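Asker: Can you look at this prediction? I've put the sequence above it.
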Amino acid sequence: MADNKMCPNCGSSDVNTFCSQCGQKMHHERFTLKSFIMDLLSVFNFETGFLYTAKMLFIHPGQVANDYLKGRTRPYVNPLKYLVIIAGVYAFLILYLKIYDASLETFSMPLADAPADATSTEAVRLQQQWLNFYRQILNFIPLILIPFFSITTRWFTRSRDLYYGEHLVINSFLFGQTFLIIVLLTPLAVIFPSLIGYFPFFAFIVYIAYMGYFFHGTYGYPPLKSFFKAFFSLLTGYLIFVLFMIVIMILLFVFIFIKNNPVL
């Protein structure tokens with residue numbers, strides 16, 4: 001066994017939990033199955049931060065957001081890391097349980113039912129390409145929406161006078177926790193298969209309810225006012241996102257058209 005008083009990396013004797021010279025973490029015990037599992041959990045910060053953050057976002061979401069903005073970050077997992085991990089689990093379950101496909105069948109009006117002509121055929125092809133693309137980026141959707149949603153939360157919570165970047169932090173926690181709630185609700189889709197097609201609608205109701213609770217704790221508004229601010233923030237943010245995507249699609253269409261028709 002290595003000398004516990006010497007750093008095995010640089011040989012310095014000025015060591016405690018970490019070496020003061022090179023930053024090497026000191027291991028004073030032999031590696032066991034337990035230590036291996038703890039190291040594995042620490043990769044995702046499940047050892048303390050992740051579970052503690054999830055618990056606190058359920059019972060005291062305002063405390064988590066405000067603590068983090070004040071610089072008390074140690075007890076909590078990084079909000080972006082928290083969101084990315086949960087979004088990945090969310091995307092896997094939604095696709096694996098076929099909730100995504102079932103919701104499309106329930107709420108969409110397939111273009112394939114339109115009269116068969118060149119226009120409808122092209123529309124069906126474009127629709128399928130878009131749905132396939134959306135499926136591939138499903139786990140990135142929260143990350144894409146947050147910048148737009150943060151614009152609207154800043155509008156609707158001007159009394160807090162927070163920076164846009166601070167809204168990005170707050171909304172990363174908010175989106176991460178709401179998607180965790182959806183993940184926890186997915187067993188209902190297995191127990192009650194008839195609900196799969198309507199799962200997004202049910203999840204949206206729970207989503208809005210939690211957002212109102214989160215706004216109440218974070219921004220200090222009365223419960224009913226928090227609910228309406230959360231609802232209109234989400235609605236406005238999504239509309240801005242849709243308008244942005246429409247502009248991008250129009251520019252892309254114009255670019256492709258000009259490229260294919262250099263001489264008009």
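Answerer: In hand now; what should we look at? These figures come from a predicted structure and were not determined experimentally.

Asker: low-scoring pLDDT stretches of the protein, where are they?
Answerer: The model of the chain has pLDDT under 70 over residues 1-5, 8-9, 14-15, 23-48, 100-139, 197, 262-264.

Asker: which parts of the longest helix belonging to it are buried?
Answerer: Using DSSP state H, we find that the single longest helix of the chain is helix 223-260. For helix 223-260, the buried set under the neighbour-count rule, 16 or more other C-beta atoms under 10 Å, comprises 226-227, 229-230, 233-234, 236-237, 240-241. Backbone N, C-alpha and C define where each C-beta goes, glycine included.

Asker: go on, stretch 70-78?
Answerer: Quick answer for stretch 70-78 (16+ other C-beta under 10 Å): 76-78.

Asker: Next: stretch 212-222.
Answerer: 212-219, 221.

Asker: Who are the contact partners of residue 169?
Answerer: 65, 68-69, 79 (C-beta atoms under 8 Å, 6 or more residues apart in numbering).

Asker: With neighbour count and secondary structure as new columns, can those be given to me in CSV?
Answerer: Output for these, formatted as CSV (neighbours: other C-beta atoms under 10 Å; DSSP: H, G, I helix; E, B strand; the rest coil):
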residue, neighbour count, secondary structure
65, 26, helix
68, 20, helix
69, 18, helix
79, 25, helix
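
Asker: And the furthest pair within those residues?
Answerer: 69 and 79 (10.5 Å; C-beta to C-beta).

Asker: quick one: the strands in the stretch 101-250 of the chain?
Answerer: Counting by DSSP state E, counting those that start in this stretch, the stretch 101-250 of the chain forms no strands at all.

Asker: Now, the buried residues of stretch 212-222 that are in helices?
Answerer: Using DSSP H, these in helices are 212-219.

Asker: just the residues you listed now: which is nearest residue 177?
Answerer: Ranked by distance to residue 177 (C-beta to C-beta), these are led by residue 214 at 7.3 Å.

Asker: I figured that closest one hits residue 174, correct?
Answerer: Yes. Between residue 214 and residue 174 there is a contact at 5.3 Å, judged by C-beta atoms under 8 Å.

Asker: Would you mind listing the residues touching both of these two?
Answerer: 61, 65.

Asker: Looking at the buried residues of stretch 70-78, spot the one nearest residue 49.
Answerer: Scanning the buried residues of stretch 70-78 for proximity to residue 49, where the rule is C-beta to C-beta, the winner is residue 77, at 4.0 Å.

Asker: Look up how far residue 68 lies from the closest one.
Answerer: Per C-beta to C-beta, to the nearest Å, residue 77 is found 10 Å from residue 68.

Asker: and what of residue 153?
Answerer: Taking C-beta to C-beta, one finds residue 153 at 15 Å from residue 68.

Asker: again with residue 160
Answerer: Counting by C-beta to C-beta - residue 160 and residue 68 are separated by 14 Å.

Asker: same check, this time on residue 180
Answerer: For residue 180, the distance to residue 68 equals 17 Å [C-beta to C-beta].

Asker: circling back to that earlier point, out of the buried residues of stretch 212-222, flag the one nearest to residue 57.
Answerer: Nearest to residue 57 among the buried residues of stretch 212-222, with distances taken as C-beta to C-beta, is residue 214, at 8.0 Å.

Asker: Which residue, other than its chain neighbours, is closest to the closest one?
Answerer: Counting by C-beta to C-beta, 6 or more residues apart in numbering, residue 214 lies nearest to residue 61, which is 4.6 Å off, once chain neighbours are set aside.

Asker: Just give the number of residues close to the one you found.
Answerer: Neighbouring residues of residue 61 were enumerated by other C-beta atoms under 10 Å; the total is 22.

Asker: ditto for residue 175
Answerer: Neighbour number of residue 175 under other C-beta under 10 Å is 23.

Asker: next one: the one 5 residues further on
Answerer: If you count neighbours by other C-beta under 10 Å, residue 180 ends up with 22.

Asker: so what's it up against?
Answerer: Residues near residue 180 by C-beta under 8 Å, 6+ apart: 54, 57, 86.

Asker: and the second one, how many residues sit next to it?
Answerer: For residue 57, the count of nearby residues is 26 (other C-beta under 10 Å).

Asker: thinking again about what came up before, just how off-centre is the longest helix of the chain within its chain?
Answerer: 18 Å (C-alpha atoms, centre = their mean, to the nearest Å).
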